[in-house]
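# Quick one, what's the 3D model for this:
(one chain, ligands or ions: 1)
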Amino acid sequence: MERYSVITEKNPREIVLLRGSGCKWKRCTFCDYHLDSSSSEEENFKLNSEVLSKVTGIYQSLEVINSGSYCELDNKTMNLVLETCIKNNIQKLCFECHFMYKNQAVKVKEFFKNHGISLKIKTGVETFDADYREKKMKKGFGKATPQQIAEYADEVCLLFGLPGQTELSMKNDIETGLKYFERVCINIMNENSTAVAPDYSVVKIFSEKIEPDYRCSNRVDILMDNLEFGVGTKVQEVLK
Ligand code: SF4
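Got it, this is the predicted structure:
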């Protein structure tokens with residue numbers, strides 16, 4: 001599995017896919033990312049150390065993902081993330097974090113700020129339609145509004161290509177994301193090991209009617225394939 005990559009366009013940064021104890025939520029109907037986890041802190045730290053040793057600071061910006069939330073990384077890994085940032089003059093760091101950890105996210109921002117590092121929190125809201133989000137996706141955000149989510153998160157991920165989504169719903173999600181957050185990352189649903197399958201008629205609408213309008217936006221990342229950032233693997237390999 002690829003765990004280190006450099007993203008050169010739009011928001012240039014290095015990205016690392018670390019491994020933690022596993023997503024504590026694990027209920028999102030479409031997700032199997034959480035399979036990339038281990039209960040062994042020692043093994044996780046060993047792996048994470050190897051991955052973090054590849055960071056060079058080329059763009060002074062680092063995104064850390066871990067198939068869950070940063071809170072599920074062990075303490076030694078968290079310390080090593082800080083050391084890696086200091087050593088490589090990283091000015092901007094990004095962690096992913098589920099809504100259930102929102103209070104911790106505020107504190108960790110303060111912690112990194114004290115070390116001169118601006119920490120951005122990215123959260124997988126997937127859609128701002130709370131009904132769809134909670135009934136179909138089981139995201140665990142309750143009825144949280146964009147404003148409430150923006151109290152702890154700076155960036156959002158959206159998930160498109162699912163049954164029932166429309167041109168209007170996807171546009172609304174993107175525009176709401178851009179209104180309340182610094183950046184939006186659009187993921188198109190790919191086939192995976194869950195029972196949720198992409199709706200290719202929705203993907204077609206996205207590709208033809210929406211993607212061209214945001215292709216050049218520096219605040220919008222679009223991942224038609226979930227390996228496009230250069231990290232991760234197909235689910236078949238995760239399951240090995
Ligand atoms: S999408 Fe994120 S929060 Fe939901 S189960 Fe997957 S890793 Fe956990």
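
# Identify the residues contacting residue 115.
By CB atoms under 8 Å, 6 or more residues apart in numbering, the residues touching residue 115 are 82, 85-86. (Each C-beta comes from the backbone N, C-alpha and C, glycine too.)

# And those, which of them are buried?
Buried by 16 or more other CB atoms under 10 Å: 82, 85, out of the contacts of residue 115.

# Tabulate the contacts of residue 115 (CSV), appending secondary structure and distance to the ligand.
Converted to CSV, the contacts of residue 115 look like this (DSSP: H, G, I helix; E, B strand; the rest coil; distance: CB to the nearest ligand atom, whole Å):
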residue, secondary structure, distance to the ligand
82, helix, 23
85, helix, 23
86, helix, 28
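
# tell me the pLDDT at the residue sitting nearest the centre point of the chain?
The residue lying closest to the centre of the chain (CA atoms, centre = their mean) is residue 96, at 5.1 Å. pLDDT recorded at residue 96 is 97.

# now swap in residue 33 and tell me
pLDDT, residue 33: 88.

# again with residue 240
37.

# for residue 208, same thing?
At residue 208, the pLDDT value in this model is 98.

# In this structure, spot the strand with the most residues.
Longest strand in the chain by number of residues (criterion: DSSP state E): strand 118-126.

# Mind listing residues that contact that strand?
28, 63, 91-99, 105, 108-109, 111-113, 133, 137, 139, 141, 149, 152-159, 177, 182-183, 185.

# what's the answer for stretch 171-191, then?
Outside stretch 171-191, the residues that reach it (CB under 8 Å, 6+ apart) are 11, 30, 120, 122, 125, 127-129, 146-147, 149-150, 153-162, 196-199, 203, 206, 210, 214, 219-226.

# Can you select the buried ones among these for me in PyMOL?
The buried residues among the contacts of stretch 171-191 can be selected in PyMOL (16+ other CB under 10 Å) with this line:
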select buried, resi 11+30+120+122+125+127+128+129+146+149+150+153+154+155+156+157+158+159+160+161+162+196+198+199+203+206+210+214+219+220+221+222+226
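
# thinking again about what came up before, quick one, which of the contacts of strand 118-126 are buried?
Buried subset of those (neighbour count, 16+ other CB under 10 Å): 28, 63, 92-99, 105, 108-109, 112, 133, 137, 139, 141, 149, 152-159, 177, 183, 185.

# Mark which of those residues are part of helices, please.
105, 108-109, 112, 133, 149, 177 (DSSP state H).

# farthest-separated two in the residues you listed?
112 and 133 (28.6 Å; CB to CB).

# show me where the protein has helices.
41-52, 75-87, 102-113, 130-135, 146-149, 167-180, 200-205, 211-214, 235-238.

# Based on its surroundings, how many neighbours for the closest residue to residue 21 other than its chain neighbours?
The spatial neighbour of residue 21 that comes closest, neighbours along the chain excluded (CB to CB, 6 or more residues apart in numbering), is residue 72 at 4.9 Å. By the measure other CB atoms under 10 Å, the count of residues near residue 72 is 23.

# any idea how far the residue lying closest to residue 143 once chain neighbours are set aside lies from the ligand?
Distances taken as CB to CB, 6+ apart put residue 130 closest to residue 143, at 5.0 Å, once the chain neighbours are dropped. Using CB to the nearest ligand atom, to the nearest Å, residue 130 is found at 16 Å from the ligand.
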